[in-house]
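>>> From the sequence below, what's the structure:
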Amino acid sequence: QAKIDAERELMLVAFIDGKHIGNCSLMSIAPYKRYSHRCDVEIALYKEFCGCGIGKAMLQTVLDVAKNIGYEQAELEVMAENKDAIAMYEKLGFEKFGTFPDNMKYAGGSYMDAYWMMKKL
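Below is the predicted model:
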């Protein structure tokens with residue numbers, strides 16, 4: 001409901017045969033005017049549906065909406081091991097601007113770094 005009510009946020013949800021297979025969202029970085037040019041995008045797609053264009057279509061739609069409502073740059077985090085996602089983001093114009101060491105901690109105690117990526121809209 002918060003996404004429906006928000007003027008500058010959006011969530012797309014993908015279904016195949018009634019089964020939820022993923023989502024993509026657009027969010028403000030912060031409620032302050034000095035951050036109003038920046039947005040955060042997130043995408044999650046079940047592995048078996050990766051590589052068939054669904055994620056790219058959702059992300060491109062979200063980026064188009066972001067630009068149309070006045071955002072100037074889109075930002076995201078991606079796990080460093082997710083090479084396919086990184087390649088897709090780079091094809092869409094995102095660049096790596098930093099690394100978050102030990103961004104995620106798995107149940108077994110291991111860690112995974114994440115990259116901070118940004119695209120000018």
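>>> In space, what's closest to the most centrally placed residue in the chain - neighbours in sequence excluded?
Nearest to the mean C-alpha position of the chain, by CA atoms, centre = their mean, lies residue 42 at 2.4 Å. Leaving out its chain neighbours, the residue that sits closest to residue 42 by CB to CB, 6 or more residues apart in numbering is residue 25, at 5.0 Å. In this view, the C-beta of every residue, glycine as well, is placed from N, C-alpha and C.
>>> Show me the contact partners of the helix or strand where that neighbour lies.
Per DSSP states H and E, residue 25 falls inside strand 19-28. For strand 19-28, the external contacting residues (CB atoms under 8 Å, 6 or more residues apart in numbering) are 3, 6, 8-15, 35-36, 38-46, 49, 54-55, 58-59, 61-62, 65-66, 74.
>>> and the residues you listed, which of them are in helices?
3, 54, 55, 58, 59, 61, 62, 65, 66 (DSSP state H).
>>> which among the residues you listed gets closest to residue 111?
residue 55 (25.0 Å; CB to CB).
>>> OK, contacts around that closest one?
So residue 55 contacts 22, 24, 43, 45, 49, 85, 88 (CB under 8 Å, 6+ apart).
>>> among those residues, who's most crowded?
Counting neighbours by other CB atoms under 10 Å, the top entry in the contacts of residue 55 is residue 24, with 24 neighbours.
>>> Around residue 69, how many other residues sit close by?
13.
>>> Now do the contacts for it.
Contacts of residue 69 by CB under 8 Å, 6+ apart are 7, 8.
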